[in-house]
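>>> Sharing a model that was predicted from the sequence below.
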Amino acid sequence: MNKFRKVVTKVKGVAFTMGKFAVRQPLPHQRIDQIDPFLLLHHAGPTSYEPGSVSAHEGVPPHPHRGFEPVTFVYKGGVHHRDSRGNDSIIGEGGVQWMTAGMGIVHSERPPAELMETGGEQEIIQLWVNLPAKSKMVQPRYQGFTKEEIPVIESGNGATIQVVAGQLDGVTGPVQTHTPVTALNAQFAKGASAIIHLSDDHAALAYVLSGEVIMGDEIAVVAHEMVEFDGNGPVKIEALNEARVLIVSGLPIGEPVVKSGPFVMNTHTQVMEAMRDAQMGKMGVLIEEF
């Protein structure tokens, strides 16, 4: 008999607005600063746009990062990624943009032309994954994968799990990571369930985008809530109605974390150096053409 992971903490995402987006932030939270190696989780949308109502200048303008991996899961609409290393990529619904900032990169995240022209809904999650000290100054890397490029596991009882990174039941996700990380997007029909086997040495969390599910010791978790699990055994999820859940786990890094704006390093001195390098253009320059 499986010993399922228990829910250690449950929090509701704090709501705020970012431009036209309604954003929920369950991590960091006043009750949870981080779940090593995961530093931040923002759920933006869903936001509806009328045809022609979205400007190419909307979204997030060019900004620098160093020392971690900002990851964007696209649930509705799309994201146009550009960066100072020459990457120019549009990823739509069901895809992922996994960027390793490493030693430093400047990027922007804008609405794609199709969304601007035809309108529609936009919904994303951005997750920040920390890098260990030995990898904080690696060369930047961008990985963009469409829905069709990401394998899916069908449970047979109404649960569908997309394997973005890591492994699940012998299926390997396409994303390459610097430390062991598993990232799964699960969709459940009403009454569906799944048992998700994660490494016992991984810290794990689950965030409910929509619907209501039961996890751990019969804990009900509803939309915009996140749970942190203990470190042993698989995760069991049962859906009380149609639901979407992001499940991520990772090997804890166990190093000091100093965050300031778009930089995540191990010391305050390193953060100051990152600020200086960004101002001096050492992380590159991104000039967008609209």
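Received it, and whenever you're ready, just let me know what you need.

>>> contacting residues around stretch 259-269?
With contacts defined as C-beta atoms under 8 Å, 6 or more residues apart in numbering, stretch 259-269 is touched by 39, 63-68, 128, 130-131, 133, 136, 255-258, 271, 274-275, 278. To be clear about C-beta, it is placed using only N, CA and C from the backbone, and glycine gets the same treatment.

>>> quick one: least confident helix or strand in the protein?
helix 113-118 (a mean of 87; mean pLDDT, DSSP states H and E).

>>> Next secondary structure after it?
Next along the chain after helix 113-118, taking DSSP states H and E as the criterion, comes strand 120-130.

>>> Return the distance of that following strand from the chain's centre.
Here strand 120-130 shows a centroid-to-chain-centroid distance of 6 Å under the convention C-alpha atoms, centre = their mean, to the nearest Å.

>>> model confidence over the helix or strand hosting residue 276, on average?
Per DSSP H and E: residue 276 is located in helix 268-279. Averaged across helix 268-279, the pLDDT comes to 98.

>>> And the pLDDT at the spatially closest residue to residue 74 that is not a sequence neighbour?
Spatially, and ignoring its direct neighbours in sequence, residue 74 is nearest to residue 95 (5.0 Å; C-beta to C-beta, 6 or more residues apart in numbering). pLDDT, residue 95: 98.

>>> now do residue 2
On the pLDDT scale, residue 2 is placed at 63.

>>> Check the one 10 residues further on too.
Model confidence at residue 12, given as pLDDT, is 97.

>>> what about the residue nearest to it when sequence neighbours are not counted, how many neighbours?
The shortest distance from residue 12 to any non-neighbouring residue, by C-beta to C-beta, 6+ apart, is to residue 225 (5.2 Å). Neighbourhood size, residue 225 [other C-beta atoms under 10 Å]: 20.

>>> Which parts of the stretch 151-290 of the chain are strands?
Under the criterion DSSP state E, counting those that start in this stretch, strands of the stretch 151-290 of the chain are mapped to 152-154, 159-165, 167-168, 171-172, 181-188, 193-196, 203-210, 212-215, 219-222, 225-229, 235-239, 243-250, 258-260, 263-265.

>>> Tell me where the model's unsure across the stretch 101-250 of the chain.
Within the stretch 101-250 of the chain, no stretch falls below the threshold (pLDDT under 70).
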